[in-house]
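Participant: Make a model of this:
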Amino acid sequence: MGGDHGPAVTLAACRQFLERHPDAQLLLVGAQTSLGTLSHPRARVVHASEVIAMDDSVEAALRRKKDSSMRVAIQQVKDGNAQAAVSAGNTGALMALARYLLKTVDGIDRPAIAYPLPNAKGSATTVLDLGANVDCTEQHLLQFAVMGSALVSALKHVDAPSVGLLNIGEEAIKGSEMIKKAGELLRAAGNSGDLNFYGNVEGNDIFKGTTDIVVCDGFVGNVALKTSEGLAAMIGGFLKEEFSRNALTKLAAIAVYPVLSAFKNRVDYRRYNGAALLGLRGLVFKSHGSADAFAFEQALNRAYDAARNNLLDRVQARIAHARPLLACEADTSPLDVVA
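Facilitator: You can find the predicted model right below:
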């Protein structure tokens, strides 16, 4: 029911997803009158009488709308009726509800948003956190690294994915005191075999593909995410503008169109849609709110792959192995989500 377009987009994506995955089943959570138009033997509507709006507060999501589609969807995961939940709705509400209903895994005190950003190697660099935690400690960054390693290992089948710590320079002496301490923790985790720690990386390394994973606080990560989306939009706008000019510029645009079009497709965020909310006792994926049917299907695909590859068990196993390094304290403070 969520996102900028609601069932007009999500139902089309669900139909396409079911056609591509004959072993999958979908629970469509929301108003029966809106979702009942998708008639499929492997799709069933779970009615919810309320919808969380994109501008609703976290308080409204938690305390007032007890029968919202978002809450009921996450409850399906908690009750074991579904292996994963996918939503294009309000990010803050989704994170708050998921944290409240599912709780965090032992050893993790804050969930993180992990998202793949396209890189020059034709693959993607998984970055976390992308907006759930604006203020982070060095322990949080270590926890993000452990969870990100489990995610990439499960979905990309990489035994020891490399981890980079986002900083203003590669040297260990650079950065804030928190970043320096995080580097020390990550190096210790590398020495103990809990991580494949590469070292410090800079912002351009995300798009170079220097490491499989980059960890950072949610404020910086969200800026990187929005920058990559803006780049794709800029290229698309450039192509459209040049084709609408005079004959000479049209000819020039035609000449470079194949190269720019291929680059636009590579950096198209729709291909990578679906951010994992890591650290919870259940699988939850966040789709971009403006996703079209193609993009929302990609989010469904990522959730499907995560469930099929036992991502939750892998995250818990990695955290259990690294627990001596994870000084987790109960954190009941509200999340300041900026995504």
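
Participant: Beta-bridge partners for the residue nearest the centre of the chain, please?
Facilitator: Of all residues in the chain, the one closest to the mean position by Cα atoms, centre = their mean is residue 275, 1.4 Å from it. Each beta-bridge partner of residue 275 is listed here, defined by DSSP bridges: residue 286.

Participant: Okay, it and residue 147: tell me how far apart.
Facilitator: According to Cβ to Cβ, to the nearest Å, residue 275 stands 13 Å off from residue 147. Heads up, the C-betas are built off the backbone N, CA and C, glycines and all.

Participant: and if you look at residue 283?
Facilitator: Taking Cβ to Cβ as the measure, residue 283 falls 12 Å from residue 147.

Participant: and if you look at residue 166?
Facilitator: Residue 166 is 16 Å from residue 147, by Cβ to Cβ.

Participant: Pick out whichever of the two has more residues nearby.
Facilitator: Legend: neighbour count by other Cβ atoms under 10 Å for residue 166 and residue 147, higher for residue 147 (31 against 23).

Participant: Can you show me the strands along the stretch 201-339 of the chain?
Facilitator: Remark: strands assigned in the stretch 201-339 of the chain by DSSP state E, counting those that start in this stretch are 213-215, 275-278, 283-286.

Participant: and of these, who's closest to residue 11?
Facilitator: Among the strands of the stretch 201-339 of the chain, the nearest to residue 11 by Cβ to Cβ is strand 283-286 (17.5 Å).

Participant: okay, and the common contacts of residue 275 and residue 147?
Facilitator: Residues touching both residue 275 and residue 147 comprise residue 114, with contact defined as Cβ atoms under 8 Å, 6 or more residues apart in numbering.

Participant: any chance you could map the helices in this protein?
Facilitator: The residue ranges that make up the helices of the chain, judged by DSSP state H, are 7-20, 32-35, 58-59, 69-78, 91-102, 138-156, 177-191, 203-208, 218-242, 247-266, 293-308, 311-322.

Participant: List the contacts of the second one.
Facilitator: The set of residues external to helix 32-35 that reach it, using Cβ under 8 Å, 6+ apart, is 1, 6, 7, 11, 28, 29, 45, 47.

Participant: Just the buried ones out of those residues, please.
Facilitator: Using 16 or more other Cβ atoms under 10 Å as the burial test, the contacts of helix 32-35 include 1, 6, 7, 11, 28, 29, 45 as buried.

Participant: Including pLDDT, could the residues you listed go into TSV?
Facilitator: Conversion of the buried ones among the contacts of helix 32-35 to TSV gives the following (pLDDT from 0 to 100):
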residue	pLDDT
1	93
6	92
7	94
11	96
28	97
29	97
45	96
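
Participant: Redo those residues as CSV? Include distance to residue 294.
Facilitator: CSV is the format used below for the buried ones among the contacts of helix 32-35 (distance: Cβ to Cβ, whole Å):
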residue, distance to residue 294
1, 19
6, 16
7, 16
11, 14
28, 19
29, 21
45, 23
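
Participant: These: which two are farthest apart?
Facilitator: Comparing all pairs in those by Cβ to Cβ, the longest separation belongs to 6 and 45, at 14.5 Å.

Participant: hmm, back to that, from the contacts of helix 32-35, which is closest to residue 154?
Facilitator: Using Cβ to Cβ, the contacts of helix 32-35 come closest to residue 154 at residue 29, 25.1 Å.

Participant: how long is stretch 120-136 end to end?
Facilitator: 29 Å (Cα to Cα, to the nearest Å).

Participant: List the buried residues in that stretch.
Facilitator: In stretch 120-136, counting by 16+ other Cβ under 10 Å, buried: 124, 125, 126, 127, 128, 129, 130, 131, 132, 133, 134, 136.

Participant: from those, which ones fall inside strands?
Facilitator: Per DSSP state E, strands hold the following members of these: 124, 125, 126, 127, 128.

Participant: Pick out the lowest-pLDDT one from those residues.
Facilitator: Confidence by pLDDT is poorest for residue 124 among these, given 92.

Participant: So it sits against residue 272, correct?
Facilitator: Yes - applying Cβ atoms under 8 Å, one finds residue 124 in contact with residue 272, separated by 5.6 Å.

Participant: residues shared between the contacts of these two?
Facilitator: With contacts defined as Cβ under 8 Å, 6+ apart, the residues shared by residue 124 and residue 272 are 116, 117, 118.

Participant: how about JSON lines for these, with distance to residue 88, pLDDT and neighbour count added?
Facilitator: As requested, the shared contacts of residue 124 and residue 272 are exported to JSON lines (distance: Cβ to Cβ, whole Å; pLDDT from 0 to 100; neighbours: other Cβ atoms under 10 Å):
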{"residue": "116", "distance to residue 88": "17", "pLDDT": "92", "neighbour count": "24"}
{"residue": "117", "distance to residue 88": "19", "pLDDT": "90", "neighbour count": "22"}
{"residue": "118", "distance to residue 88": "20", "pLDDT": "88", "neighbour count": "23"}
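
Participant: Identify those among the residues you listed that sit within strands.
Facilitator: Secondary structure assignment (DSSP E) places 116, 117, 118 from those within strands.
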